[in-house]
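Peer 1: Predicted coordinates and the sequence they were generated for:
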Amino acid sequence: MSMSGVRSYLRFFGFLSTLWGALFIAFGLLGLFFAVKDLASSHPRVESGTVLASVESPSSNHYSIRVRLADGRQVVVAEEPSPIDRGARLRLVVKDGAYWVYDPTGPWVGSLFALGSGTGMYLAGRKLKALPDMN
């Protein structure tokens, strides 16, 4: 294969990389939009507590976690994928009367990863597309 053929293939792959990078950037921005919208619209309350017990549900293979809050009340956090050790300190989010384990990185990590990798692919694609002809 001639050098000209190699360069045309590199340009084509640069074009594809640019398209994929733009797609990843769009998905990353969309994810960030929904993460911010969910946080701003729901006004969640964060409370701390201590785990009393983790019980596995035989039907769903998920765990229900019983937690004693700082004010003495006990609540149940349902549908956790893994047990949490007794005595562990947790931060819980209260939203619409339901409790969830506080995970500040959840929706942000995937969105930021998509933005970073999309930017890298886009820039690499632009460099490959800009290769000069060697005629």
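Peer 2: Looks like it arrived, so ask away.
Peer 1: quick one, what contacts the residue most central in space within the chain?
Peer 2: Nearest to the mean C-alpha position of the chain, counting by C-alpha atoms, centre = their mean, stands Gly110 at 3.0 Å. Counting by C-beta atoms under 8 Å, 6 or more residues apart in numbering, Gly110 touches Gly31. Yep, even glycine has a C-beta here, placed from its N, CA and C like the rest.
Peer 1: And for the one 10 residues further on?
Peer 2: With C-beta under 8 Å, 6+ apart as the criterion, the residues that contact Gly120 are Gly21.
Peer 1: where along this structure do the strands fall?
Peer 2: 45-56, 63-69, 74-80, 89-95, 98-101 (DSSP state E).
Peer 1: Nearest to Leu23, out of the ones you listed?
Peer 2: Taking C-beta to C-beta, strand 98-101 is the member of these nearest to Leu23, at 30.6 Å.
Peer 1: Quick check, pLDDT for Glu47.
Peer 2: According to the prediction, Glu47 has pLDDT 85.
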